[in-house]
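Visitor: Pasting the sequence and the predicted coordinates here, then a few questions.
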Amino acid sequence: MASTQHVLLSPAELAYLHASLSLTPPIRPDGRTRTQFRPLVAETGILPGANGSARICFADGTEAIVGVKAEVERTQSRHDDETVYVEGAANNGGDGDAETKEDSRTGDSSWAEMTVEIPGLRDDDSGTAFLAAMLSEALLADGEFARRLWINRRFHWKLYLDIILISPPLSYPLPLLSLTTHLALLSTRLPRLQSEGDEDPFFDDDWAAAPHLFPRPTTTTPTHRPPITLLVMAVGDSIIFDPSKEELAVADVALAVSVSGDRSEPGEGGAGRKLRLLSIRTIDPPSRLTPPGVANAANSAYGAGNGAPQKMAEARTAEAEAAAEEGVWRAPRGGAKRAVLGALVQKVLEAGGVVDEVLDALEGVDLG
Amino acid sequence: MPREAEPSLSERQFVLQALQENLRLDGRELDQYRPLELSFGDQYGVADVTFGRTRVLAKASAEVTVPYADRPLDGIFNIATELSPMASPAFEVNRPTETEILLSRLLEKTVRRSGALDTESLCLVAGQKCWSVRVDVHVLSHDGNLIDAACLAVVAALRHFRKPDTSIEGGVLTVYTAAEREAVPLSWLHSPFCVTWSFFGDEGETAVLDATRLEEQVRVASCTVSLNKHGEICQIAKLGGVPVDAVALLQCTAVALTKVKEFSELVDKKLAEDVKKRDKGGFMAELSAENER
Amino acid sequence: MPLDTSAYNLALLRVDGRRWNELRRVHAQIRTQAAADGSSYLEMGHTKVMCVVTGPSEPGPRRGGAGAGGGGGSGGKDAEVAVSIVIAGFSSVDRKRHGKGDKRTLELQSTVSNALSASLHTHLFPHSQINISLHVLSQDGSLLAALINAATLACVDAGIPMTDYVAACTAGSTSTYAANDEAADPLLDLNHQEEQELPGLTVATLGNSDRVAVLVCESRVQVGRLEGMLAVGVDGCKQMREILDRVVREKGQRMIQEGTVERGVGLNDMDVD
């Protein structure tokens, strides 16, 4: 999918950017190291009317707010069909020995609804639709999240996640939106269930008693965390995290990688975290969207009356490309190399790497 | 998107200067409407309103449908406005302009939200069947003051409209044709009308009623007041524009009330005339074998 | 949820404990966002609105849903004020999805745009566009008023020349629409519950004058009640203007103290003491 609008940079500027980013270590325009994130300000619980909310402000001024609202919804009659239910129970039988068959929870991905609003873009714009799809895909990837919304066999929580980008889309907003969603989900609380079994649910009025959707990490039990989606790009041999708009313009390949960092065993820092890869999506950098300029000499349409065969024109194009001019950056053609993709993913999943750093930082945010 | 031709500088200057001297291009007083015509079609529920060169046609229709799930006891009432390229080249089909959105919102607030039509009376079987009344507003010619004309047309059309009579026996709903049973008028509660003021001058000190298209293009602000003849405000909309003195706005509302009473009388009179025209002794007279000898 | 207005006659206190002429708590901030040319955050009671202004700038390619344009039209001799309003799904008690094509939102957009373009000196920026994007985070009545106030503050922050503040608030009446009771009290600054049950209107005035830029009434009310409601509303707008002015001055002072802005750079006429 396409990332944001075009940047107005001259070929020379692009070449400079490309060259400085390909150095080892790369020199980034804003002086960050390869793995450094933009500094951010985060707060949670800003909306008293929502079940959970968060706001993140990056230092470059981009800002997003996410509100989570939950409603009780009647589960579709799927469970009336006993065979299907039993089948579902069998599938989830391995969840835990403590759970009896009756207790086994099933989830449906339609229980969480995600909408993204970006100022200046229409609701049905492909950009917003893709963003929403990528974010919800990561969230619902393992089915674990939807299972949390289970109340009883007849009812479930319907979770609405409204993601709003407040600032104009200065850089590709995916990491910002993902981190904000992560925080909002961490701060989400659902009223405590007081009814039992499959009766119509009723809840405890006391908000203070409401448990979090994602329980606080304790030292004894493993905890699940919502996923985060990071943007990683490669220029030459350098792998760069959280690229800005200008950096993205010269990317050879850009990936949106969703990971979840569940703490499988108690421990300090990133040591006890088990990183799981949930999804990978390639992001088209802007350079891919413009057809590369073709020199007149290589253009078959230009003065093509002489019946020059297509092959010759193609050969000339390749020739012209090979003879790259110094100081002019040409957008890479063709797909990314598998080795590069592999290196990118490996870098993301590195223990004690960027993901751990980000998750630790987000855990440090006061959840109110 | 085609844009409307803007009046030239000299044209603009001329209109504004004349207004400063309390003169209008067509020789009207500032608070005078253009000659107003209202006629009804052969069918029930068709009203044709003409203000000078502005002409609006409204047609009411009804059908039996399922009520909305959240309002099982209410019928459905909709006003549809579409400004077609027929009225002005600036209007395009399927692409609502600001004018169209504001017009439909105003009609909605004036007629629907003020409860002019008793929607509960449209309910036939709670939660299952109800009447859906729909008014389509067609602008045939646009020479300013669409709002007032459209509102008058909608109200007149709905008051003229007759929906087929129905009966329910043992859970079976019967809709009678006009030949079986006389159609019945809608349950109408009050008749709101819109009066639109246009303001001119640096501080909006000149207030003018029933502006023509040219005047609308050079005005600095406008304010639409909707009232009924009992002196109830249904809606006021001064959506931005140059600020106007609060006291002047109050005076405008007072004048609007007298205009609304005139509209009310006009509609009543025309409706009565129409009834007289249609009434040739009623159904019985038609069936009777006697003829004039 | 019917509002028990009978209690009002006993204690002369409203559902939230205010008297008839009291505003709710107003909290406002400007320059909340570094990336924008102008930004603001405004709370009127539980109604919370954020505003971001970009421009005046070259009008970009026409994008769908960029908002209703007002004030002269694009490409003309005046700058176009393009407003887009996003009403967050979580802003009301029951979640409701507000599409961008919603007619009510479009009407709000065009009202804010027209109200501001009359006060902004748009003729100074020909062939350009001022983008105002408003985000509604929480609604509890007086939405239009909050939107106008937030947009005004953000325009001040963006440094766009304007005649004066456009300050807005709502006013209502304790009478029902049918009863023409003279004893009905006008009320200032309606919350959501009052807005549902009582007749009310939104007023926006220009600066300290009695001149009304926006007057929107969406409920049935006797014409006799209008004068009282309008008078209270205009008075409330003046109070609101004072509040907005104080916010701007305090921020200006702080910026000078912090050294963000040098004293005397374009701030000659600002009395800082």
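Guide: Cool, the structure landed. Bear in mind that the values here come from a model prediction, so they are computed numbers and not experimental data.
Visitor: ok, now which ones touch residue C:151?
Guide: C:40, C:51, C:53, C:83, C:112, C:116, C:132, C:134, C:166 (C-beta atoms under 8 Å, 6 or more residues apart in numbering or on different chains). For every residue, glycine as well, the C-beta is placed using N, CA and C.
Visitor: Mind checking which of those residues land in strands?
Guide: Counting by DSSP state E, the contacts of residue C:151 place C:40, C:51, C:53, C:83, C:132, C:134, C:166 in strands.
Visitor: of these, closest to residue A:20?
Guide: residue C:53 (34.1 Å; C-beta to C-beta).
Visitor: Beta-bridge partners for the closest one, please?
Guide: Beta-bridge pairing for residue C:53 (DSSP bridges): residue C:38, residue C:132.
Visitor: Roughly how far does the one residue in chain A that gets nearest to chain C sit from chain B?
Guide: When distances are taken as C-beta to the nearest C-beta, chain A reaches nearest to chain C at residue A:61, 2.3 Å away. The spacing between residue A:61 and chain B, counted by C-beta to the nearest C-beta, to the nearest Å, is 30 Å.
Visitor: If you drop the residues flanking it in sequence, what lies closest to that residue?
Guide: residue C:35 (2.3 Å; C-beta to C-beta, 6 or more residues apart in numbering or on different chains).
Visitor: host element of the residue of chain A closest to chain C?
Guide: Following DSSP states H and E, there is no helix or strand that holds residue A:61.
Visitor: again with residue A:158
Guide: Residue A:158 is part of strand A:155-165 when elements are defined by DSSP H and E.
Visitor: anything in that strand near chain C?
Guide: Yes - part of strand A:155-165 sits near chain C under the criterion C-beta under 8 Å from any C-beta of the partner chain, namely A:160, A:162, A:164.
Visitor: Is the spatially closest residue to residue C:107 that is not a sequence neighbour part of a helix or strand, or is it coil?
Guide: Spatial nearest neighbour of residue C:107, excluding adjacent residues (C-beta to C-beta, 6+ apart): residue B:105 at 4.8 Å. Here residue B:105 is recorded as helix under DSSP: H, G, I helix; E, B strand; the rest coil.
Visitor: what about the strands in the stretch 101-250 of chain A?
Guide: Per DSSP state E, counting those that start in this stretch, the stretch 101-250 of chain A carries strands over the ranges A:112-117, A:155-165, A:228-235, A:238-241.
Visitor: residues from chain A in reach of chain C?
Guide: Near chain C, when you scan chain A using C-beta under 8 Å from any C-beta, you find A:46-50, A:53, A:57, A:59-63, A:65, A:67-69, A:71, A:115, A:117, A:119-123, A:125, A:160, A:162, A:164, A:166-168, A:170.
Visitor: For ChimeraX, what selects the buried ones among these?
Guide: Buried subset of the residues of chain A next to chain C, written as a ChimeraX selection, criterion 16 or more other C-beta atoms under 10 Å in any protein chain shown:
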select /A:46,47,49,50,53,57,60,61,62,63,65,67,68,69,115,117,119,120,121,122,123,125,160,162,164,166,167,168,170
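Visitor: Helices of the chain, residue ranges please.
Guide: No chain was given, so I picked chain A. Using DSSP state H, the helices of chain A run over residues A:11-22, A:82-91, A:126-140, A:144-147, A:174-187, A:245-249, A:310-322, A:338-349, A:354-363.
Visitor: nope, chain C please
Guide: C:6-11, C:103-119, C:143-158, C:192-197, C:223-258.
Visitor: mind listing what the residue nearest to residue A:276 when sequence neighbours are not counted touches?
Guide: Spatially, and ignoring its direct neighbours in sequence, residue A:276 is nearest to residue A:260 (5.1 Å; C-beta to C-beta, 6+ apart). Listed by C-beta under 8 Å, 6+ apart, the contact partners of residue A:260 are A:138, A:141, A:142, A:224, A:225, A:226, A:227, A:228, A:275, A:276, A:278.
Visitor: Spatially nearest residue to the residue of chain B found nearest chain C (excluding sequence neighbours)?
Guide: Closest approach between chain B and chain C, counting by C-beta to the nearest C-beta: residue B:240, at 2.5 Å. Leaving out its chain neighbours, the residue that sits closest to residue B:240 by C-beta to C-beta, 6+ apart is residue C:114, at 2.5 Å.
Visitor: In chain C, what residue lies closest to chain B?
Guide: Counting by C-beta to the nearest C-beta, chain C gets nearest chain B through residue C:114, at 2.5 Å.
Visitor: where does that residue land on pLDDT?
Guide: Looking at residue C:114, its pLDDT is 94.
Visitor: Kindly report the same for residue A:103.
Guide: Per the predicted model, pLDDT is 48 at residue A:103.
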